[in-house]
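Student: Okay, here's the prediction I keep looking at, along with the sequence it came from:
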Amino acid sequence: MGGACVVVREAREMSTEDGPEVHRFRLTAREWLRRNMTRSEQAEDGKYRQRTQPRSDESRVAHARQLQARLYDAGYAGLTYPAEYGGAGLSLDHERAFFEEATAYDMPTHVFAVSLNILGKTLLEFGSSEQKRRHLPRMLRGEEIWLQLLSEPTGGSDLAGLVSSASRDGDTYILNGQKTWSTGAEFADFAMCPARTRWDVPKHSGISMFIIDLRLPGIEIRPIKQINGESDFCEDFLTDVMVPADCMIGEENDGWTVVRGLLEIEHEWVGRTGGVYTPRSDVDDLVALLKRRGLEADDGARRQVAAILVLQSVQRALAIRVGQGIADGDLVPAYGGLLKLGNDELRQRRSETALILAGSSGIAWEPGAFGQECTAVYLQARSASIAGGTAEIQRNNVSERALALPREPAVDRDRPFSEVPRN
Ligand SMILES: Cc1cc2nc3c(=O)[nH]c(=O)nc-3n(C[C@H](O)[C@H](O)[C@H](O)COP(=O)(O)OP(=O)(O)OC[C@H]3O[C@@H](n4cnc5c(N)ncnc54)[C@H](O)[C@@H]3O)c2cc1C
């Protein structure tokens, strides 16, 4: 299996399409990382492992804020953000090179991924100059963690059917309602939160998007206990929350444009970078697992690992091409859904393969036991095809928006939302 390791390493080197400038940047970043960041445990021991500590732990969040500030001071936070908001104004290729170099290090990625890759980018596209100046540099410095308050208990797929309300009162809006599945809400500072400002128009036309300071009175955040014992998400109760009118993103009742844009940014990013939850273990870790189980000569096991290498290489090539195509305006943003579908499939197949390779050890449940990481990563990966919009909804998006096929039938699309029957 030593040969397989070499193949994996070579495939990775060959797939690095740096031009001379990006290559120079990569070398500088590599040296900076070596001097300033700590190598992660996974990189040290190379075993199949994603994480053994909960993401949402107060001390880890504080540590992540420090690391983010260190990246900012060195010019490595917000690589693709414009310089006027504290970014480095570089290309997607620079960002890819930096992520590749940073894989082996302890990075604040988990904590800041949604803020910087989804919500900051959404603010950049749809926010006012004042909103961008107020928040983006603070996000990049690690002073503001943001999250999405999109899903509601009545359903996440039909996001335009949301029933949280916002009514204008002088220079504030008063928000009421319930949100759910908000990742990392317990430790976040701000949220993007759509709410209904008109009920007498069709559902997509009566939504407005707000920036909410999560310390405002009337917000109650309750962690949800998950199957793996962690509490990555929360449910959120909004009772007469007074939000200043200048915290609206875009125009009143045009919030669906912002929601749509946010989702497209999320899908493209998840698909391109592998997303916040992608196991840090890659094919090398599967090879290490295979060796640990003494399966080097087992044809079936070798084939399984090779199949993941192929899938991973295809996803990477697709991600570079589609990511650049969207950035250049050659592809409509809905192609991001295609990337996300591929990424979700890869994550699930890779975690299934690890579980198979781990054999009976893969059902271990005690923290620290061999195989426990495989179980944890497998369970986490099941959520990939739900988070950020389910696989079914992605397929609809791709068929309708990227391929321009007919829209799925909907009885409520043109009716005033107040006349649409609801529970
Ligand atoms: C790991 C993770 C992180 C998340 N983080 C956040 C977060 O930070 N903020 C947030 O707001 N939400 C978050 N969510 C919630 C997520 O966005 C929703 O779970 C998702 O959009 C699906 O909504 P739902 O769970 O209400 O399922 P439903 O919408 O009730 O769907 C149930 C099932 O019906 C199917 N279905 C629904 N409509 C259609 C249709 N038209 N055609 C075909 N099939 C359909 C769906 O595919 C699904 O299988 C997160 C979810 C996960 C798993």
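Tutor: Looks like it arrived, so ask away. Given the structure is predicted, the values throughout are model-derived calculations rather than measurements.
Student: measure G156 to the ligand for me?
Tutor: With distances taken as CB to the nearest ligand atom, to the nearest Å, G156 is found 2 Å from the ligand. C-beta here means a position set from N, CA and C on the backbone, and glycine is covered the same way.
Student: What about that residue, how many residues nearby?
Tutor: As a burial measure, G156 scores 20 neighbours (other CB atoms under 10 Å).
Student: Could you double-check that it lies in contact with S182?
Tutor: No - with contact defined as CB atoms under 8 Å, G156 does not reach S182; the gap is 11.1 Å.
Student: Check the spacing between the residue of the stretch 1-150 of the chain found nearest the ligand and G255 real quick.
Tutor: Closest residue of the stretch 1-150 of the chain to the ligand, CB to the nearest ligand atom: L150 (3.4 Å). From L150 across to G255, the span is 11 Å (CB to CB, to the nearest Å).
Student: starting at the chain centroid, how far to stretch 214-227?
Tutor: The chain centre lies 20 Å from the centre of stretch 214-227; the measure is CA atoms, centre = their mean, to the nearest Å.
Student: does any bit of it sit next to the ligand?
Tutor: No - for stretch 214-227 and the ligand, the contact criterion (CB under 6 Å from any ligand atom) is not met; the two come no nearer than 9.1 Å.
Student: end to end, how far does that stretch reach?
Tutor: One end of stretch 214-227 to the other measures 27 Å (CA to CA, to the nearest Å).
Student: Quick check: R138 is in a helix.
Tutor: Yes - checked against DSSP: H, G, I helix; E, B strand; the rest coil, R138 lies within a helix.
Student: residue ranges of the strands in the stretch 301-423 of the chain, please?
Tutor: Using DSSP state E, counting those that start in this stretch, no strands are found in the stretch 301-423 of the chain.
Student: which bits of it sit near the ligand?
Tutor: S383, I386, A387, G388, G389, T390, E392, I393, N396.
Student: Give the buried subset of those residues as a ChimeraX selection command.
Tutor: Buried residues among these (16 or more other CB atoms under 10 Å), as a ChimeraX selection:
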select :383,387,388,389,393,396
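Student: mind putting the residues of the stretch 301-423 of the chain next to the ligand in a markdown table, pLDDT included?
Tutor: Converted to a markdown table, those look like this (pLDDT from 0 to 100):
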| residue | pLDDT |
| --- | --- |
| S383 | 90 |
| I386 | 95 |
| A387 | 92 |
| G388 | 92 |
| G389 | 94 |
| T390 | 96 |
| E392 | 96 |
| I393 | 95 |
| N396 | 95 |
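Student: Helices - which of the residues of the stretch 301-423 of the chain next to the ligand land there?
Tutor: Among those, the residues falling in helices (DSSP state H) are E392, I393, N396.
Student: Is the second one in contact with S157, as I believe?
Tutor: Yes - here I393 reaches S157: they are 5.2 Å apart, a contact under CB under 8 Å.
Student: ok, L150 and G255, which is more surrounded?
Tutor: Per other CB under 10 Å, whichever of L150 and G255 has more neighbours is G255, with 30 against 23.
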